[in-house]
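Asker: mind looking at a prediction? Sequence and model below.
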Amino acid sequence: KSKMGVWGRELNSKWFSKWRADTATSISRNKTIFVSEKAKDISLKVLGIDRTSNIFVVHNFTDTKAILSKLHKHGAGPEMPSGRNKEVMVASTLHSPKGVYSFLKAYKKRGHNFSVTVAGRGSELPLIRSEFKDDPVTCMGWLSHEDTLKLMSSHPVFAATSLLEEPCPTTILEAMFLRKSIFALKRGGIPELEGYSLYESQVYLYDSMEELVDGIANHLTNQPNMENIDFTDTDFGADVSKKALEIIKEYNS
């Protein structure tokens with residue numbers, strides 16, 4: 001229950017209403033770009049805005065040249081505990097809405113034993129380290145972007161565990177560019193990212209966390225043939241160079 005008191009709540013409500021009205025006015029009058037169709041639909045519904053001709057969607061982007069530069073610069077990467085295979089990676093802040101703990105609970109409940117490497121810090125880190133200390137789960141804590149990319153490059157599967165309606169996660173785009181198999185919940189703008197797949201069945205989407213961990217286990221047991229995939233082709237639809245052109249085109253239209 002709010003501790004602001006009657007006047008505090010009334011003031012907060014007043015300024016929130018003003019913010020929402022000002023935002024709606026600004027979006028209606030100016031060209032506005034959202035990073036996903038889902039984010040746009042939710043925002044327009046909340047703000048009470050009808051579809052207008054000056055609202056566009058340009059998905060989030062990543063810098064592929066910077067990714068390759070960081071990987072080449074930091075060839076050694078972070079040290080992994082010995083005796084652990086590198087199979088599934090999760091990179092996230094470790095708070096309840098981001099779903100890492102929920103993912104690992106479902107993983108353990110379903111009786112899976114594939115190795116999981118978790119990069120990130122947050123309030124749930126001590127709990128995860130304690131509860132899954134006897135499982136093949138490695139918690140690396142916070143890592144630099146360079147080390148996170150290096151770790152990502154050494155794992156065949158990237159799991160996006162968020163329970164939120166994520167608009168357009170950059171980590172998924174980075175993992176896609178690095179040719180990783182992506183497993184995520186069918187929420188927010190994530191389904192829209194399938195369009196950036198670099199090969200058939202790169203992205204796997206599920207309605208529940210249990211289905212997601214089962215999907216990963218099945219994938220690791222029956223991994224698809226990757227022989228015909230060109231891993232030297234760095235052309236990527238979500239690269240910043242292409243997205244910048246999309247943005248310029250929308251503002252010039």
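Answerer: Looks like it arrived, so ask away. Numbering: from 1, shown residues only.
Asker: for stretch 184-195, measure first residue to last.
Answerer: 15 Å (CA to CA, to the nearest Å).
Asker: pull out the buried positions in it.
Answerer: 184, 185, 187, 188, 189, 190, 191, 192, 193 (16 or more other CB atoms under 10 Å). Every residue, glycine included, has its C-beta placed from N, CA and C.
Asker: distance of the second one relative to residue 119?
Answerer: Just to be clear, that refers to residue 185. Distance of residue 185 to residue 119, given as CB to CB, to the nearest Å: 19 Å.
Asker: can you check the fourth one too?
Answerer: As for residue 188, its distance to residue 119 is 21 Å (criterion: CB to CB).
Asker: over to the last one?
Answerer: Distance, residue 193 to residue 119, by CB to CB: 20 Å.
Asker: on that earlier part again, may I ask which two of the buried residues of stretch 184-195 are separated the most?
Answerer: Spatial extent of these (CB to CB) is set by the pair 185 and 192 at 13.7 Å.
Asker: and for the spatially most central residue of the chain, nearest residue in space, chain neighbours not counted?
Answerer: Central residue of the chain (CA atoms, centre = their mean): residue 169, 3.5 Å from the mean position. Distances taken as CB to CB, 6 or more residues apart in numbering place residue 160 nearest to residue 169, at 6.1 Å, with adjacent residues excluded.
Asker: for that neighbour, report the pLDDT, please.
Answerer: At residue 160, the pLDDT value in this model is 97.
Asker: that one: neighbour count?
Answerer: The tally of other residues near residue 160 (other CB atoms under 10 Å) stands at 25.
Asker: now it: phi and psi?
Answerer: Here is the backbone geometry of residue 160 (degrees, to the nearest 10): phi -100, psi 110.
Asker: now do the same contact list for it.
Answerer: Applying CB atoms under 8 Å, 6 or more residues apart in numbering to residue 160 gives the contacts 90, 92, 166, 169, 171, 172, 182, 183, 184, 185, 190.
Asker: turn the residues you listed into JSON lines, including secondary structure.
Answerer: Below are the contacts of residue 160 laid out as JSON lines (DSSP: H, G, I helix; E, B strand; the rest coil):
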{"residue": "90", "secondary structure": "strand"}
{"residue": "92", "secondary structure": "coil"}
{"residue": "166", "secondary structure": "coil"}
{"residue": "169", "secondary structure": "coil"}
{"residue": "171", "secondary structure": "helix"}
{"residue": "172", "secondary structure": "helix"}
{"residue": "182", "secondary structure": "strand"}
{"residue": "183", "secondary structure": "strand"}
{"residue": "184", "secondary structure": "strand"}
{"residue": "185", "secondary structure": "strand"}
{"residue": "190", "secondary structure": "helix"}
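Asker: turn those into a markdown table, columns for distance to residue 150.
Answerer: A markdown table is the format used below for the contacts of residue 160 (distance: CB to CB, whole Å):
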| residue | distance to residue 150 |
| --- | --- |
| 90 | 15 |
| 92 | 17 |
| 166 | 24 |
| 169 | 19 |
| 171 | 14 |
| 172 | 18 |
| 182 | 18 |
| 183 | 20 |
| 184 | 22 |
| 185 | 26 |
| 190 | 24 |
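Asker: just give me the closest of those residues to residue 108.
Answerer: For the contacts of residue 160, the nearest to residue 108 is residue 90 (14.2 Å; CB to CB).
Asker: in the protein, which helix or strand is least confident?
Answerer: Between all helices and strands in the chain, the lowest mean by mean pLDDT, DSSP states H and E belongs to helix 5-29, at a mean of 81.
Asker: would you mind listing the buried residues in it?
Answerer: Quick answer for helix 5-29 (16+ other CB under 10 Å): 24, 27.
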